[in-house]
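Asker: here is a sequence together with a model predicted from it:
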Amino acid sequence: MKIDGSNPFPETQTATFKRASVSGGNEVNETPDTDGASLSSGSNVSALAAQVQQMPDVRQERVDALKQAVESGQYQVSDKQIAEALHAQLLGPGTSSE
């Protein structure tokens, strides 16, 4: 999924609701507009989208550290980890043979 920073709600939108109360004579009286909800503008979403777009797709420092560990023989993977990874790749994650 790609975030393009566009906002389907260009302006802040506000909704207000009227609260109804029932008096002793079964009459419904509306109280003044006291409850409300608002949606923030897209500026927060746009700022976050811009930050995400600036992040690299690959964390090169992590790749380099793993590469060095593999080359030096310090990266150890158990037989169980290999089997679980193969199982997940062949049958999909979350499947269990138990």
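Answerer: Received, thanks. This is a predicted model, so every value here is computed, not measured.
Asker: this structure: helices as residue ranges?
Answerer: Along the chain, counting by DSSP state H, helices occupy 43-54, 60-72, 79-91.
Asker: want to throw these into CSV with mean pLDDT?
Answerer: Listed next are these as CSV, based on pLDDT from 0 to 100:
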stretch, mean pLDDT
helix 43-54, 84
helix 60-72, 93
helix 79-91, 92
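Asker: format those helices as TSV; extra columns: mean neighbour count and distance to residue 36.
Answerer: Placement of C-beta: from N, CA and C, glycine included. TSV is the format used below for the helices of the chain (neighbours: other C-beta atoms under 10 Å; distance: least, C-beta to C-beta, whole Å):
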stretch	mean neighbour count	distance to residue 36
helix 43-54	12	19
helix 60-72	10	46
helix 79-91	10	48
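Asker: reformat the ones you listed as JSON lines; add distance to residue 37.
Answerer: Shown next, in JSON lines, are these (distance: least, C-beta to C-beta, whole Å):
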{"stretch": "helix 43-54", "distance to residue 37": "16"}
{"stretch": "helix 60-72", "distance to residue 37": "42"}
{"stretch": "helix 79-91", "distance to residue 37": "43"}
